[in-house]
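A.B. asks: Give the three-dimensional model of this entry:
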Amino acid sequence: MAGPAALLESLEHQVGALHTLRLVCRGREAATASHLPLSPPQPSLPQTSSAGSPGPAQYSPGGEMEVARLGQALELKEERKALGKTPEEDEESGDLTPLSPGEPRPHRLSQHGLVRNETLREMALRSKLSRVVDATSRLIEVEQTLLLPLIQQHPFPLHPKDSIEFRNICSRMALQREGQQFEKDLHEAHQCLKTIIEKLIWSLAVFPSEPYIPVRSALRQILQNLLAM
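C.D. replies: Numbering: from 1, shown residues only. This next block holds a predicted model:
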């Protein structure tokens with residue numbers, strides 16, 4: 001059986017993990033904000049009259065085709081910027097093949113699909129990270145306000161090593177902040193926190209007395225929110 005000392009040790013590591021998680025969140029938010037796409041300026045075409053002064057543009061059929069090609073070139077340039085591609089990369093992928101007005105660009109459409117998939121993955125990661133942060137914060141609150149007074153009266157099994165591992169995983173996440181390793185660490189942190197909460201619920205199951213009911217209920221709610229999709 002473990003007493004208040006074991007719970008306080010677990011709390012210390014969980015508080016450290018929460019601090020690290022919040023730093024990771026702020027870092028990712030700042031990085032996302034710095035890469036927000038800006039609305040591209042609308043290209044303006046010079047309009048001159050036959051006398052050389054500004055006035056309504058007059059285009060021959062050949063001039064209209066030239067304007068259409070110019071619009072395609074500007075569109076291609078903006079899309080290349082959005083995708084982070086250089087002209088050389090476009091040339092290698094065959095994206096510079098001239099197209100007639102209105103002809104679809106399946107290659108670039110597939111690239112746009114890739115961008116949307118990446119955005120959805122980032123949204124999923126942000127949601128998962130947010131749930132881990134919220135669950136950690138609420139777990140610490142429950143342990144400090146509800147569990148600590150009870151364990152002083154009735155010691156029960158605790159597992160501080162899980163909280164130590166949780167803090168270590170969060171420290172690794174702070175060094176990554178993006179990429180496959182970050183996703184892996186976030187998944188491990190999610191699973192480790194889930195294990196911590198589940199073990200607390202199991203340990204409290206041996207105490208059917210009324211004072212433990214609010215604690216078990218609060219822990220189950222935290223676990224449910226953590227696992228929400």
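A.B. asks: roughly how far apart are the nearest residue to residue 188 once chain neighbours are set aside and residue 135?
C.D. replies: In this structure, residue 188 finds its nearest non-sequential neighbour in residue 169, 5.1 Å apart by CB to CB, 6 or more residues apart in numbering. C-beta coordinates here come from the backbone N, C-alpha and C atoms, glycine included. The gap separating residue 169 from residue 135 is 14 Å, by CB to CB, to the nearest Å.
A.B. asks: any idea of the pLDDT on residue 173?
C.D. replies: Looking at residue 173, its pLDDT is 91.
A.B. asks: helix/strand/coil for residue 181?
C.D. replies: Under DSSP: H, G, I helix; E, B strand; the rest coil, residue 181 falls in the helix class.
A.B. asks: Grab the nearest non-local neighbour of it.
C.D. replies: residue 172 (7.9 Å).
A.B. asks: Ranking helices and strands of the protein by mean pLDDT, which lands last?
C.D. replies: Sorting the helices and strands of the chain by mean pLDDT, DSSP states H and E puts helix 87-93 at the bottom, at a mean of 50.
A.B. asks: Would you mind confirming that residue 155 is in contact with residue 3?
C.D. replies: Yes - between residue 155 and residue 3 there is a contact at 4.5 Å, judged by CB atoms under 8 Å.
A.B. asks: The residue nearest to residue 188 is in what secondary structure piece?
C.D. replies: Per DSSP states H and E, residue 169 falls inside helix 160-176.
A.B. asks: Name the residues that touch that helix?
C.D. replies: The contact list for helix 160-176 (CB atoms under 8 Å, 6 or more residues apart in numbering) reads 6, 9-11, 13-14, 16-17, 20-21, 23-24, 27, 181-182, 185-186, 188-189, 192-193, 195-196, 199.
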